[in-house]
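Undergrad: Need a 3D model of the sequence below.
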Amino acid sequence: MSIVTNVMAFDIETVPDVEFGRRLHGLETLTDKQVGYVMHTRQREQTGNEFLSLEQQRIVAISIAMRSRDGFRVWSLGEPDSPEEELVRRFFDGIERLAPTLVSWNGAGFDLPVLHYRALRHKVQAHRYWEMGDMDQSYKWNNYISRFHWRHVDLMDVLAGFQGRGRVGLDQMSQLLGFPGKLGWSGEGVWDAHLQGRSEEIRNYCETDAVNTFLIYLRFELMRGRLTHDEHEREVELVRAGLLGAQRPHWQEYVAAWAKCGS
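TA: Numbering: from 1, shown residues only. Here you go, the predicted structure:
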């Protein structure tokens, strides 16, 4: 059986939490778009850029690229119109049931803190995720929370040697390794897409980020000797076959771009 079985690469997409923004800035009479503008403007005035602090972010998509005993599969949690609480609950319920190895790109710096805050907001329980050896001794030296443990692998952090100046973006790293990357999308476009009701496009974009992350993880496992070259190639082909088998337009585009990369 492959060494990468029960591995869950994930990614989230967020928009301004306009409900919080209204209360925070006293903007009860403004539209969502107007509130988002004020939130970004206030953030730029305070920090020099419009990237909102994490407590101001609301999750609109969570996507999973999962390698299980049954093979490889990628999907987004819930439905395009599912409330945030359901998405967050499903994410932590999956960890509770499967206890997977989590894989992310900047998950420790962004995705997981946002998930923590939103779980608090919605009173979502996450027993297994927060286990650190009090109830299960196997988690004492290998849990999801500690930076240098392996139940959660933040590839951006690990590959940078835990040094901020060594970090690179997911799109650049994906293309460096011969993968398609973000195919013209970026997180900056999610808010506008959300305002326009393009939830399915946001989910598709989030899914491609999860797959890019999983492919980088496979290369990482090859580099550190946990996969042979033959095993690595089999896992990569399993991903490619899974995407083609899904028969969805964004995966057809992704696989076509991948073929042009020659990887």
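
Undergrad: Tell me where the stretch 1-150 of the chain has helices.
TA: Listed in chain order, the helices of the stretch 1-150 of the chain (DSSP state H, counting those that start in this stretch) span 18-25, 32-47, 84-98, 112-122, 127-130.

Undergrad: Can you redo the ones you listed as JSON lines, where the extra columns are mean neighbour count?
TA: C-beta: built from backbone N, CA, C; applies to glycine. Conversion of the helices of the stretch 1-150 of the chain to JSON lines gives the following (neighbours: other CB atoms under 10 Å):
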{"stretch": "helix 18-25", "mean neighbour count": "16"}
{"stretch": "helix 32-47", "mean neighbour count": "16"}
{"stretch": "helix 84-98", "mean neighbour count": "18"}
{"stretch": "helix 112-122", "mean neighbour count": "18"}
{"stretch": "helix 127-130", "mean neighbour count": "17"}
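
Undergrad: out of those helices, nearest to residue 255?
TA: helix 84-98 (25.9 Å; CB to CB).

Undergrad: starting at the chain centroid, how far to the closest one?
TA: 14 Å (CA atoms, centre = their mean, to the nearest Å).

Undergrad: hmm, who's touching that helix?
TA: By CB atoms under 8 Å, 6 or more residues apart in numbering, the list of residues contacting helix 84-98 from outside reads 6, 8, 10, 58-62, 64, 68, 77-78, 100, 102, 115, 118-119, 122, 124-129, 144.

Undergrad: now swap in stretch 28-42 and tell me
TA: Outside stretch 28-42, the residues that touch it by CB under 8 Å, 6+ apart are 15-16, 18, 21-22, 25, 27, 50, 52, 56, 191, 195.

Undergrad: Using PDB, write out every CA atom in it.
TA: As requested, the backbone C-alpha atoms of stretch 28-42 are provided in PDB (Å, rounded to 0.1, in the frame of the first residue of the first chain):
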ATOM      1  CA  GLU A  28     -25.700  48.900   9.100                       C
ATOM      2  CA  THR A  29     -27.100  50.900   6.100                       C
ATOM      3  CA  LEU A  30     -24.500  49.800   3.500                       C
ATOM      4  CA  THR A  31     -24.700  47.000   1.000                       C
ATOM      5  CA  ASP A  32     -22.300  44.000   1.200                       C
ATOM      6  CA  LYS A  33     -20.100  45.500  -1.600                       C
ATOM      7  CA  GLN A  34     -19.900  48.800   0.200                       C
ATOM      8  CA  VAL A  35     -19.100  47.200   3.500                       C
ATOM      9  CA  GLY A  36     -16.400  45.100   1.900                       C
ATOM     10  CA  TYR A  37     -14.900  48.300   0.300                       C
ATOM     11  CA  VAL A  38     -14.800  50.000   3.700                       C
ATOM     12  CA  MET A  39     -13.200  47.000   5.300                       C
ATOM     13  CA  HIS A  40     -10.500  46.900   2.700                       C
ATOM     14  CA  THR A  41     -10.000  50.600   2.900                       C
ATOM     15  CA  ARG A  42      -9.600  50.600   6.700                       C
END
